[in-house]
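S.K.: Quick one, structure for this:
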Amino acid sequence: MTSAVAQPAPAARLDRLKITEIFLSLQGESSFIGWPTVFVRLTGCPLRCVYCDTEYAFYGGQWRGMDEVLAEVSKHGARHVCVTGGEPLAQKSCIQLLTRLCDLGHSVSLETSGALDAGGVDPRVTRIIDVKTPGSGEQARNHWANLDALRAHDEIKFVLCSREDYEWARQIVQQRDLSSRCTVLFSPSHHQVSPRQLADWIIEDRLPVRFQMQLHKQLWGEEPGR
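M.R.: Below is the predicted model of the structure:
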């Protein structure tokens, strides 16, 4: 009897993405805050940060063709597009999506957890890269090589859960001279650090970072798709 030959697993299709939602809103974070922006939220994330506000993107979603996604983005008529998640880089097709959005003339940003290699991202994209603090519960997942390959238009974001997180982040900024290399964003974790507290710490230390709050939460609270 001839034994069955194991078949290789099918290669991942790069012409489709698993999408949680595509919607038009105002950008609530980063240097693009306030701009009308189309958000493309990809499904899935390997991290479980304690403050995550998009847990609904961990599972579910719908497979959609690349051209279908691009067509829906174009329907909204906005120049700015933000690819987010979940963790968008967990899907191999994300790299192609970013490049094609740039080719269409969009101003494109990528929100990524900082846990995966962002080196393959089109250089026209603004990479907004998280650095996970001890309070996030995912500090061990930081892919530190991302910080060694920053571009001037990239942005680094720290979400701070406590005074200890602030001091840890301050040390990282100073040791790696991050503020001279790109924009550094400090955000208070919702319900853990008050915005006023964080603002006072930054002013007291004269730290060359940009304080930010989540504009969309001030406008619409926790409503998904806003």
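S.K.: so what's Thr84 bridging to?
M.R.: Arg41 (DSSP bridges).
S.K.: and it, how far is that from Asp200?
M.R.: To Asp200, Thr84 is 30 Å away according to Cβ to Cβ, to the nearest Å. (C-beta placed from N, C-alpha, C; glycine too.)
S.K.: And those two? Which one has more around it.
M.R.: Thr84 (20 against 11; other Cβ atoms under 10 Å).
S.K.: That one: what's it in contact with?
M.R.: 39-42, 54, 110-111 (Cβ atoms under 8 Å, 6 or more residues apart in numbering).
S.K.: May I ask which two of these are separated the most?
M.R.: Pairwise distances across the contacts of Thr84 peak at 15.0 Å for Thr54 and Leu110 (criterion: Cβ to Cβ).
S.K.: which one of these two has more residues nearby?
M.R.: Leu110 (25 against 15).
S.K.: how about the strands in this protein?
M.R.: Here the chain has its strands, by DSSP state E, at 16-26, 36-42, 62-65, 80-84, 107-112, 126-130, 155-160, 183-188, 210-211.
S.K.: Turn those into a markdown table, columns for mean pLDDT and distance to Val50.
M.R.: Shown next, in a markdown table, are these (pLDDT from 0 to 100; distance: least, Cβ to Cβ, whole Å):
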| stretch | mean pLDDT | distance to Val50 |
| --- | --- | --- |
| strand 16-26 | 97 | 21 |
| strand 36-42 | 98 | 20 |
| strand 62-65 | 97 | 28 |
| strand 80-84 | 98 | 19 |
| strand 107-112 | 98 | 18 |
| strand 126-130 | 98 | 13 |
| strand 155-160 | 98 | 10 |
| strand 183-188 | 98 | 14 |
| strand 210-211 | 97 | 21 |
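S.K.: Now for the residue nearest to Ala149 when sequence neighbours are not counted: which residues touch it?
M.R.: With sequence-adjacent residues excluded and distances taken as Cβ to Cβ, 6 or more residues apart in numbering, Ala149 is closest to Gly119, at 5.9 Å. Counting by Cβ under 8 Å, 6+ apart, Gly119 makes contact with 145-146, 149.
S.K.: By neighbour count, which of the residues you listed wins?
M.R.: Going by other Cβ under 10 Å, Asn146 tops these with 22 neighbours.
S.K.: State the distance from that one to Asp154.
M.R.: 9 Å.
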